[in-house]
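In: sequence first, predicted coordinates after that:
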Amino acid sequence: MQKALPLILIGLGIFFLLAAVIVGWVVFPKVVQNKITSQVQLKEGTLTWDKWRNITTPIFIKYYLFNVTNAGEIIKGAKPIVEEKGPYVYEQKRLKTIVKIDEEHDTVTYKQAITYFFRSDLSDGRSVEDIFTIINIPLAGFATTPLAVRDTINGFVQKHKETLFIQRTVDEFLFKGYPQHTVKDISEKLMDGKVLLPDNMFALYYGKNGTNGVEFEVRRGVEDSAEFGEIMKWDNKTDLNWWGGKYCNMINGTDGSIFAPFVTRDRTLEIFSEELCRSLYLTYQEDIEHHGVPGFRFSLPSKLLQRASQNKDNRCFCEDIGIKETSGVSGTGEKEAEKPPPIQISADDFDDGFFAEDTEEEKVEVKKEEVEEPTPVTEEVPSQCRAGVILLSACKGGKPIIASTPHFLFGEFTDVSNVEGLHPVEEKHGTFIDLEVNTGLVLQASKKIQINVQLKKTNSVHQMGKLRGEFILPVLWADEYAAMAPERAEELKAKLLSTFQIANISKWSIIGVSSVLIIIGLIVFVLRAKNSKYLP
C-alpha cells in the first residue's frame, strides 16, 4: 500500500481532473443549454410565454418634436429653423391576442394592441396641450397630386384658408387628430366618397391607440431554438411588395422584442420594422453590463443606411419610385438616376392614394429653380437614394413621408445643413439593443426613428411657390426605450448567473485539487525513487 501511494495519488488526480473537464465543459453546459431551451419557447406553461403575451416590463416612448420658429420666412424662401422640444413621454401597454397555434409547423399567430399613456411625471413638466408650429403634412402632400386636379385642390385649400405651417397641440398631432376639410372635399368631390383619412382627421397615430395591429406569424422555437421569434408572415405576407427588388422586400428576423438564446459577438440581429416598412440588422458593438448582468450591445451599422451608390443592397429601396442607378457617372463620381416616365393622369386615377406621382413637366421646372439654391439636393443623389433616409411613400399611401435617424445621424451633410437646429450625436441618437448572452433576453433597448416631410418648390400649390428648392424638414423623432428592472436583473442573476458562477468555481476548485494530488504523487514518487536508489 505504501509503495502504491504515489500511483494512487496520481490516479485520483487524473480522475478528478478528467471529471472536472468533462462535467465542467461538456455535461454542465449541455444541461444548462437544455434548461434554457426548454424555457425560451413560445409555448404555454413556459415563463417566456407569459412574459411575451402580456409584457409587464415598462416600455416608454419619448417624443421630441421640432418646433418651426420661422414659418413665415420659410414660405418666402428662407432656410428652415427648428427648435427641438421634449421629451413628451408615453408609457406603452402591449397585449397580444393569440389567433392560432400551429404545433405542426411550430408557429404562433397573434395580433398586438399597443395602448399609450402620457406620463407627465417623466416629461419634465411638459403637457400634451403644449402648442407648437409644424408642417401641415396633408397640404405638403398635395404637391405630388396630379397636375390635372391641382387647381381644383388649390381652390379647396384657399376656401378653407389652410396654410403650409399650422399650430397644434402635442395630443392633436400625435393621437387626437385635427380636421382635414380639404381632404374631405377631395374625397367627396373628386373621388366619389372614397375614404382618404379616417373621419377626415389627421394625426400620426390617429385611431391606433389601443387597437389591434395586423397579424404576425412567428416561430415558437420549440423545434429549433435558433428560430425563436422569427417572423414567418406579416399581415399574411411572406414578402413585401413595396420595393424594387427581392432583397428589399424580404421579411427577416424578429419584431425586435425577442431573440434566440446563446448570443455570440459575431451574430447579426435581424429585425423587421413595421414603422420603416423594411427589415433591418444590427451588429455587435461592445460588451456591457446592466445591473450587474453582463451582455452584448448591438447597434445599427452606418453601412445599413448608406447611399445606394455605396451600398448596392440599398439600390432596390430606390427602384420602387422609379429611381434606378445607371452606368453613367457624373462629375461628382456618383451614378446618375433615371427619370420616371411622364405620368398622364386624371382625377379618376386617385385610387392609389391622393398623393400620387408628379408629372415630368413639373419636375423639370423644379430642378431648374433648384440650381440657384445654396444647398440643393444634387440630381446625382436623389433624396430617395441618399444616406440616412428611407422614403416611405410606397407603404404610407403615397404621402411624402421620409424616415431617418434622429438629426440625420449617418446621413448626408446636405440634409443637416439645409435645416438650422440639427446636431447629430451618435451617443444620443443611435439605436442599440443589449442582450443577455445565454438567454437572449433584452437587458435594455433604445430604438430611435425620425419622421420627416419632403418639401420642394412648386408654383402649383398654395404657399409652396417660393420654397428654397427641395429639402427634407424634420417633424419629430422618437426614442422607444425599455430596460430590465433591477429586481428582474437580480432574479436572473440568482437563477442563472449564480449557477454558472458556482459551477465555474467548482470545476476550477476540482482542477486545483486534482493538480495538487498529481503534484504530491509525483513528489512522493521522486523522493522514494531517490531513497531506493531508483534514480542515479
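Out: Structure received.

In: buried stuff in stretch 152-171?
Out: By 16 or more other C-beta atoms under 10 Å, the buried positions in stretch 152-171 come out as 153, 154, 156, 157, 162, 164, 165, 166, 168, 170, 171. All C-beta atoms are positioned from the backbone trio N, CA, C, and that covers glycine.

In: now stretch 138-152
Out: By neighbour count on 16+ other C-beta under 10 Å, the buried set for stretch 138-152 is 138, 139, 140, 141, 142, 143, 144, 145, 146, 149, 150.

In: in a helix, that's where the first one is, yeah?
Out: Yes. With DSSP: H, G, I helix; E, B strand; the rest coil as the criterion, residue 138 is part of a helix.

In: return the residues in contact with it.
Out: Residue 138 is in contact with 180, 182, 183, 197, 202, 399, counting by C-beta atoms under 8 Å, 6 or more residues apart in numbering.

In: tell me where the stretch 1-150 of the chain has strands.
Out: With strands called from DSSP state E, counting those that start in this stretch, the stretch 1-150 of the chain shows them at 59-68, 82-102, 107-118, 131-135.

In: what do you get for the stretch 401-536 of the chain?
Out: Ranges of strands in the stretch 401-536 of the chain, per DSSP E, counting those that start in this stretch, are 401-404, 432-436, 442-456, 470-483.

In: could these go into CSV alongside mean neighbour count, distance to residue 518 and mean pLDDT?
Out: Shown next, in CSV, are the strands of the stretch 401-536 of the chain (neighbours: other C-beta atoms under 10 Å; distance: least, C-beta to C-beta, whole Å; pLDDT from 0 to 100):
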stretch, mean neighbour count, distance to residue 518, mean pLDDT
strand 401-404, 24, 64, 92
strand 432-436, 23, 37, 97
strand 442-456, 21, 42, 95
strand 470-483, 22, 48, 96
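
In: quick one: closest of the ones you listed to residue 493.
Out: Among the strands of the stretch 401-536 of the chain, the nearest to residue 493 by C-beta to C-beta is strand 432-436 (10.1 Å).

In: just want the angle from that closest one to strand 442-456.
Out: Per axes from the mean of the first three to the mean of the last three C-alpha atoms, to 10 degrees, the angle that strand 432-436 makes with strand 442-456 is 160 degrees.

In: residue ranges with poor pLDDT in this protein?
Out: Applying pLDDT under 70 to the chain picks out residues 1-3, 23-28, 319-384, 497-503, 505, 507, 531-536.

In: and with 50 instead?
Out: 320-380, 534-536 (pLDDT under 50).

In: hang on, the earlier thing: to residue 68, which of the strands of the stretch 401-536 of the chain lies closest?
Out: It's strand 470-483; of those, that one is closest to residue 68 (C-beta to C-beta) at 7.8 Å.

In: strand partners (parallel or antiparallel) of the closest one?
Out: Paired strands of strand 470-483, with direction, are strand 59-68 (antiparallel), strand 442-456 (antiparallel) (DSSP bridges).

In: tabulate the CA atom coordinates of that strand in CSV.
Out: Coordinates of the C-alpha atoms in strand 470-483 are reproduced here as CSV (Å, rounded to 0.1, in the frame of the first residue of the first chain):
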residue,chain,number,x,y,z
GLU,A,470,-36.1,70.8,-52.4
PHE,A,471,-35.3,69.8,-48.8
ILE,A,472,-36.3,67.4,-46.0
LEU,A,473,-38.0,69.0,-43.0
PRO,A,474,-37.8,67.1,-39.7
VAL,A,475,-41.1,66.7,-37.8
LEU,A,476,-40.2,64.7,-34.7
TRP,A,477,-38.0,61.9,-33.5
ALA,A,478,-39.0,59.2,-31.1
ASP,A,479,-37.0,57.0,-28.7
GLU,A,480,-38.7,53.8,-27.8
TYR,A,481,-36.9,52.6,-24.7
ALA,A,482,-37.2,49.6,-22.4
ALA,A,483,-34.9,48.2,-19.7
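
In: tilt between that strand and strand 131-135?
Out: Angle between the axes of strand 470-483 and strand 131-135 is 130 degrees (criterion: the same axes, to 10 degrees).

In: and strand 470-483, how far out from the chain middle?
Out: 12 Å (C-alpha atoms, centre = their mean, to the nearest Å).
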